Structure formats: C-alpha cells, structure tokens
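> Pasting a predicted model and its sequence here:
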Amino acid sequence: MKEKSLFIASCLALVATSMAFSIRADIIPALKTDFGFNDTEMGLIAGPGLWGFAITIVLGGMLLDAVGMKALMITAFIGHVAGVILTIFAQGYQSLYFATLLIGLANGTVEAVTNPLVATIYPKEKTRALNMLHAWWPGGLIAGGVGVLIITHLMGLGVGATLDAISLGWKVKMALILVPTLLYGALILKQDFPVTERVAAGVTTAEMWATVTRPLFLLFVFLMMLTSATELGPDQWVGNLLQNLVGIQGVVLLVYTAGIMFILRYFLAGYIVKSVGPMGVLMGASILTCMGLYALSMADTALWVFAAATIFGFGKTFFWPTMLGVVAERFPKGGALALSFMGGAGMFCVGWLMTPIMGSIQDHYAVESLSPRAAEAVVAHGGIDERKAALITDTVVKAEIEQAKRYSAEMTYRWVAAVPAFLAIVFLMLLFYFRSLGGYRPVSVVSTASV
C-alpha cells in the first residue's frame, strides 16, 4: 500500500510537470502577442523551463541520499506554486524569464526524486515501472491540452480575439497547473519515503561516482541529449509551428500524440521492450521519429499533419523512459546520480540548445523569405515581432507574412529530422554491440560485472 501511494504521488507530480510543459507550448503565441516577443526571444524565455529542469535533476541526484526524497519533493511543490503565481503576474521579459526558470527548477526536482524512487520500490521491473510512471507525462500533456482547449473555447481566444482577452486567457490557462500540484503536495506530506536502492544495497559513494565515469555510460548520456531534443524540442514549439504551418492550434496535436504515448507506455511498454529489447525499441523509435518529423515538414493539410503526427507520436513514445530504464538496469550502482545525469543532460540539451536553436531557425527562414517592404513593417531584433504583425492591415503584406511563417515551420521540422536519423544509426550499432556480449541483460546492483 505504501508503494502504491508513493507511485500515485509520483504520477501526480509528473502530471503537474508535463501540464506546465503543454500549457507553455500552447500559450507561446499569446505571450509573443502580449509582450511583443519574436521567436528568438520566446525561445530564450522558454529555455529556462528546460535547462532549469536540467540543473535540479543533476543537483537533486547529488543531494538525494543526503537530504532525502521527501524534503526534495516538498521543495518541488513550493517551486511549482511560486512559479505559476509569478508567471501570471509577470510584467516583461526578465520577470517571465525568472518565473519560467522557477517552474523548470521545480520540474527537475520532481524528476530527480521520482525516477530513483520508482526504481527503488520496483527493483525487479525497472524499465516497465519507469515506462508506466512516464505514461503520466503524456497524461499531463493531455490534461493540460484539454484544459486549454476548453478555456480557448469558453473565452473566445481563437482568431480575432482582442489583445485584452489574449492576455487574460493565457493567465487562466497557467493557473490550471495548480490543480495537480496541490494534489501531489497533499499526498507527499502524509508519506514516508524509502532510501534509494543503492544505499539499501550498501554501494558506496565512490562506487557510484566510478560508475558514472564509464565510457559506455557517458555515451548514453550523450544519446539522452539527442533523444530528449528530438522528443521535447518539437513539442515545446508545436503551438507556434503548427499555427504557422496549417493554422491548427498546436495543443490539439500535442494532446493527440500524448494519447498515443500514454497508451503505449502504460499498457504496451513491457511487452514491446521484452519482445525486441531496449536497443531495438530505441532504434525503431528513431526511425519512426525521423519519418514523422520529415512528413510534418511537408504537411499542407490538417489530415496530413495528423498522419505525420501519428508516426512521430509512435516514435517519440519510448525515448525518455527506455533510456532511463537502460541506465537503471545496466548501471545500478550509479543510483540516483546516474539517473539524474541522464535527465539533466536531456533537459539541458532541450532547454539550452534545441529550443533556442529552433526559434532561431524559424526567425532565419521567415525573415529570409520576406520582401523588404514586409520586413520593414514587422521585423525586430532579427525576427518577426508578433505584436507588429497583429496590427498589420495591408492584406498583401499580411499574406506574405503568413507564407513566411509557413516556410519557416517547414524548414525547422526538416532540420530537426536529421537528429533521429543519426540516432537510428547509433542504436543499430549498440544493438550489434550487445549481441556480441551475448545479448542485453540487466545487471544486479550487488554484481561486480563490468558494464
């Protein structure tokens, strides 16, 4: 019963984390309009929500055994509440940047605790349990996505909404994050948390640090950076990209792909991983993700978008939890530190590199395709200023701006598709590597076998 309660609390905390992600993805166009940001500026603001995540995953993993899981979860709860409130009352670039960072730090703390917690309470089925836990990442995406769609409808936030309505609307949407936050906060106060599997097994701190310096582990850290960038980078920009590409509210697609992810992770992950092995899963995921992203770059109708998104959704489903499961199984002596390095590297890459880079790519191709007349009217700081664009009345210029946005979205998806293409090759090589060792097998935390 204790294990079940801890698992439920972990799932609710992950729901709050992913709701913050999906809601931010939906409100990016509104923030750009409300504050007059271009895509590069918006990418820089969104970044702390991800690289802040990376900081506390790593720090949390280093402090977890000394501070305790419960203390860190309470810290995450405080961060979520404060971050949401500060976001709602942000007055400009700096205050919004700080509020986004605070939420990112809270999100990372949740990840730092829940991954080793679940690996500890389910030691004999780590990959399956971690996939079930991370099913609630898309679960939160769905909850957040459906919530913002309802608010969009009720408040009339579609095409033609006033600037005042847009400003109020994104604030109401942000407040939704407080619902799962308060629920997981209430649960964790009642629970006693265990020590990690590493501590329980008597593995020393020196052995833990030795594990995370092994070459194969460092390779998986690098691959985690690329898989996370592939999965989460496009998701963070989905609202902006799809609105520019085919005029669809991006959160619709986010909810759709999240539904695919939830079903696959929660109900089918164990069977799929057992059937083809973790390396086979990761290689297949890379191929499908590459195909889906490239297909999105060519989409010009809503039907095409959803067909491409289906492929992308199937592909990206298994990246994060399977990578964590592999590390938990092959490097158990690394404990919470190994898992935190993985999550931290992934979020650092998404927040510090992929999200800003995707914003810059969009600005580059959009500005490149504008005529001097249109560029003079809307370009500021190297990109399209959405507040200026919203005030354009010249139909010719307005049409040119929309075409430029579509072109920038196409090229952005095309560039990102190169990442999973590279990953597919690497995971194929790892598949053959493990076969040369007699096949992929989990390693016991008390084993002295080399990994």
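Perfect, thanks for sending it.
> where are the low-confidence patches of the protein?
1, 236-251, 446-451 (pLDDT under 70).
> Point me to the helix or strand that includes the residue nearest the centre of it.
Nearest to the geometric centre of the chain sits L232, at 3.9 Å (C-alpha atoms, centre = their mean). Assessed by DSSP states H and E, L232 sits inside helix 215-245.
> could you point out which element follows that helix?
Sequence-wise, the next helix or strand downstream of helix 215-245 (DSSP H and E) is helix 250-263.
> From the contact counts, what lies against the helix or strand encompassing F348?
Assigned by DSSP H and E, F348 belongs to helix 335-348. Where contact means 3 or more C-beta pairs under 8 Å, 6 or more residues apart in numbering; DSSP states H and E, helix 335-348 is packed against helix 48-67, helix 93-121, helix 197-200, helix 205-211, helix 215-245, helix 319-330. Glycine gets a C-beta too; all of them are placed from N, C-alpha and C.
> can we see that at 6 Å?
helix 48-67, helix 93-121, helix 215-245, helix 319-330 (3 or more C-beta pairs under 6 Å, 6 or more residues apart in numbering; DSSP states H and E).
> out of those, nearest to T395?
helix 215-245 (18.1 Å; C-beta to C-beta).
> before we move on, the earlier item: quick one: the closest residue to the residue nearest to the centre of the chain other than its chain neighbours and L219, what's the gap?
Excluding its sequence neighbours, the residue lying closest to L232 (C-beta to C-beta, 6 or more residues apart in numbering) is V350, at 4.6 Å. The gap separating V350 from L219 is 19 Å, by C-beta to C-beta, to the nearest Å.
> More neighbours: which of the two?
V350 (27 against 12; other C-beta atoms under 10 Å).
> Can you name the residues in contact with stretch 136-152?
Stretch 136-152 is contacted from outside by 11, 14-15, 18-19, 22-23, 26, 172-173, 176, 251, 254-255, 258, 261-262, using C-beta atoms under 6 Å, 6 or more residues apart in numbering.
> buried residues in it?
For stretch 136-152, burial by neighbour count (16 or more other C-beta atoms under 10 Å) applies to 136-149, 151-152.
> same check, this time on stretch 289-305
Applying 16+ other C-beta under 10 Å to stretch 289-305 flags T289, C290, M291, G292, L293, Y294, A295, L296, S297, A299, V305 as buried.
> Have a look at this structure and report its longest helix.
Counting residues, the longest helix in the chain under DSSP state H turns out to be helix 2-35.
> centre of the chain versus the helix or strand following that one, how much separation?
For helix 2-35, the following helix or strand on the C-terminal side (DSSP H and E) is helix 39-46. Remark: helix 39-46 is offset 16 Å from the chain centroid, using C-alpha atoms, centre = their mean, to the nearest Å.
> got the contact list for helix 39-46?
By C-beta under 6 Å, 6+ apart, the surrounding residues in contact with helix 39-46 are 28, 32, 96-97, 100, 236, 355-356, 359-360, 362-363, 382-383.
> distance between the ends of stretch 128-140?
This stretch, stretch 128-140, spans 19 Å end to end (C-alpha to C-alpha, to the nearest Å).
> How about stretch 154-162?
End-to-end span of stretch 154-162 (C-alpha to C-alpha): 14 Å.
> contacting residues around that stretch?
Contacts for stretch 154-162 (C-beta under 6 Å, 6+ apart): G169.
> about what we covered before: residues in contact with the helix holding F348?
So helix 335-348 is contacted by 50-51, 53-54, 57-58, 60-61, 64, 111-112, 115-116, 196, 198, 208, 212, 221, 224-225, 228, 324, 327, 331 (C-beta under 6 Å, 6+ apart).
> Quick check: closest non-adjacent residue to F314.
Leaving aside its chain neighbours, F314 sits nearest to L288 (5.2 Å; criterion: C-beta to C-beta, 6+ apart).
> returning to that earlier point: ok now do the residue nearest to L232, which residues does it touch?
Shown in contact with V350 (C-beta under 6 Å, 6+ apart): L50, S228, A229, L232, G233.
> what would those look like in JSON lines with distance to E410?
What follows is those, written out as JSON lines (distance: C-beta to C-beta, whole Å):
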{"residue": "L50", "distance to E410": "24"}
{"residue": "S228", "distance to E410": "23"}
{"residue": "A229", "distance to E410": "19"}
{"residue": "L232", "distance to E410": "20"}
{"residue": "G233", "distance to E410": "16"}
